[in-house]
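Asker: Sequence and predicted structure are below.
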Amino acid sequence: MDKNLEHVLEELINTPGVYGCVLADEHGLCLGNKGETSTTTAGIIGAIAEESLKLEPNSKPPIIHFENDNRSCTIQRIGTITGAIFKNLQN
């Protein structure tokens, strides 16, 4: 894995509350993951990011945020890389 991507994953997983992170390329292939995540989620994360572009085709890629009572997932595409950060929510 590219040292820059490894550095990004290390920084993310060491952020308070983060329990996992995944990076995917423009085809949904996993570039790396850390924590309580699976490489198989990269395709889903990539597909969600790709489909969200259709909401406003002439705008920057949106930031997608899912949340339940205990956890959240934030997905963002920058260039050709899509990242997902999984966090535990504070009570």
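Answerer: Received, thanks. Residues are numbered from 1 along each chain as shown.

Asker: Could I get the full set of helices for this structure?
Answerer: Using DSSP state H, the helices found in the chain span residues 3-13, 41-52.

Asker: Save the ones you listed as a markdown table, and put in mean neighbour count and distance to residue 23 too.
Answerer: All C-beta spots, glycine's among them, are computed from the backbone N, C-alpha and C. Shown next, in a markdown table, are the helices of the chain (neighbours: other Cβ atoms under 10 Å; distance: least, Cβ to Cβ, whole Å):
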| stretch | mean neighbour count | distance to residue 23 |
| --- | --- | --- |
| helix 3-13 | 14 | 6 |
| helix 41-52 | 18 | 8 |
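
Asker: Out of those helices, which gets the lowest mean score?
Answerer: Lowest mean pLDDT within the helices of the chain: helix 3-13, a mean of 91.

Asker: Could you tell me how far stretch 32-43 lies from the centre of the chain?
Answerer: Stretch 32-43 sits 9 Å away from the centroid of its parent chain (Cα atoms, centre = their mean, to the nearest Å).

Asker: ok, residues contacting it?
Answerer: 1, 5-6, 9-10, 12-13, 18-24, 28-31, 84, 86 (Cβ atoms under 8 Å, 6 or more residues apart in numbering).

Asker: Out of those residues, which end up buried?
Answerer: 9, 12-13, 18, 20-24, 28, 30-31, 84, 86 (16 or more other Cβ atoms under 10 Å).
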